[in-house]
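> Output the structure for:
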Amino acid sequence: MKPHVICLMMSSLDGRVEVSRWSPSKGGDEDQRGALYEATHAKLDGDAWICGRETMEEFAKGLPHPPADPGVPQRPLHVARSGASRYAVGVDSGGKLHFGGPTANGDPAIVLLGSDVTDAHLAELAADGVSYFVGDAPHVDLAVCLAMLQREFGIEHLLLEGGGGLVGSMLAAGLVDEFHLLLCPAVDGTTGGRSIIEAGETGLVDRVTLSLTSHELLDDGVLLMRYAVRSRPA
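Presented below is the predicted three-dimensional model:
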């Protein structure tokens, strides 16, 4: 069992996600586009949102501050807070996120970690009031983690919100149920930018089928498209 996962992404016409680099359009400055994304996020009313390390760093802006004596922190699971109405979940295999407090964007934080994370980093997270789960392998097993989030934190509806590497990995693993795309009338036009989906060598194209379920024209020419996702086993 796992939560129902909706991926929500915002993209330029050429599939890029770094809004600050996009061409201008009517009503389309960076703040307005951010507000539109947040409004769409709020309407989905998820129990939690999940993103990769680089995206979570926009919210977790602390500096390293491990305790002098970390002791032996709990493994694999430390629950700092249960029963919250919404959580922020970060995927951080190598233990590089630093919070300085218990929340990310106002929501209690949970970090999903690989097995190589140090005791000092776990002690830092626990001291900050951050929940965490340490997997059995250096890379985070997303299927195991999603089942844990449902079981231990009661998360039934999870919003997947980037970056492209995490989106590609979760699609390839068959963990995404819906894909919602806010397509903006703008272009990035540069090379090397971040894309909404970065699949690498996952074989994603052979295993995922998208079916359009609805579409909606929003203000300033933004198109919201909703897709059902069907995945075939690897």
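> Please report how far Pro70 lies from His139.
For Pro70, the distance to His139 equals 23 Å [Cβ to Cβ, to the nearest Å]. C-beta coordinates here come from the backbone N, C-alpha and C atoms, glycine included.
> Tell me which of those two has more neighbours.
Neighbours were counted for Pro70 and for His139 using other Cβ atoms under 10 Å; Pro70 has more, 16 against 13.
> Can you classify the residue nearest to that one when sequence neighbours are not counted by secondary structure?
Once flanking residues are discounted, Pro70 sits nearest to Ala123: 3.5 Å by Cβ to Cβ, 6 or more residues apart in numbering. Going by DSSP: H, G, I helix; E, B strand; the rest coil, the secondary structure assigned to Ala123 is helix.
> now do the one 3 residues further on
Of the three states, Ala126 takes helix under three-state DSSP.
> Quick check: buried residues in the longest helix along the chain?
Counting residues, the longest helix found in the chain (DSSP state H) is helix 30-44. Across helix 30-44, burial judged by 16 or more other Cβ atoms under 10 Å covers Gln32, Arg33, Leu36, Tyr37, Thr40, His41.
> Tell me who's in contact with the nearest residue to the third one once chain neighbours are set aside.
It refers to Leu36. Closest residue to Leu36 apart from its sequence neighbours, by Cβ to Cβ, 6+ apart: Val222 at 6.3 Å. Contacts for Val222 were tallied using Cβ atoms under 8 Å, 6 or more residues apart in numbering; they are Leu36, Leu182, Leu183, Cys184, Pro185.
> Drop anything exposed from the residues you listed.
The buried subset of these (16+ other Cβ under 10 Å) comprises Leu36, Leu182, Leu183, Cys184, Pro185.
> Looking at these, spot the one nearest Leu97.
Using Cβ to Cβ, Leu182 is the member of those that lies nearest Leu97, at 25.9 Å.
> What does that closest one show for phi and psi?
With angles defined as degrees, to the nearest 10, Leu182 sits at phi -90, psi 110.
> Now for the closest residue to it other than its chain neighbours, how many residues are close by?
Spatial nearest neighbour of Leu182, chain neighbours left out: Met10 (4.2 Å); criterion: Cβ to Cβ, 6+ apart. When counting by other Cβ under 10 Å, one arrives at 24 neighbours for Met10.
> Tell me how far Met10 lies from Ser23.
15 Å.
> Can you tell me the SS state at the residue nearest to Leu182?
Quick answer, by three-state DSSP: Met10 is strand.
> Show the low-confidence segments of the chain, by residue range.
Along the chain, the parts satisfying pLDDT under 70 run over 27, 201-202, 233-234.
> what does the domain assignment say about the chain?
1-47+156-234, 51-154 (automatic domain parsing).
> Quick check: end-to-end length of stretch 151-158?
Using Cα to Cα, to the nearest Å, one end of stretch 151-158 lies 13 Å from the other.
> Beta-bridge partners for the most centrally placed residue in the chain, please?
In the chain, the residue lying closest to the centroid (Cα atoms, centre = their mean) is Cys51, at 1.7 Å. Beta-bridge pairing for Cys51 (DSSP bridges): Gly90.
> Leu125 touches His78, doesn't it?
Yes - here Leu125 lies in contact with His78, judged by Cβ atoms under 8 Å, at a distance of 7.3 Å.
> More neighbours: those two, which one.
Between Leu125 and His78, counted using other Cβ under 10 Å, the more crowded position is Leu125 (26 against 18).
> could you measure the more buried one against Leu149, distance?
Relative to Leu149, Leu125 is positioned 16 Å away (Cβ to Cβ).
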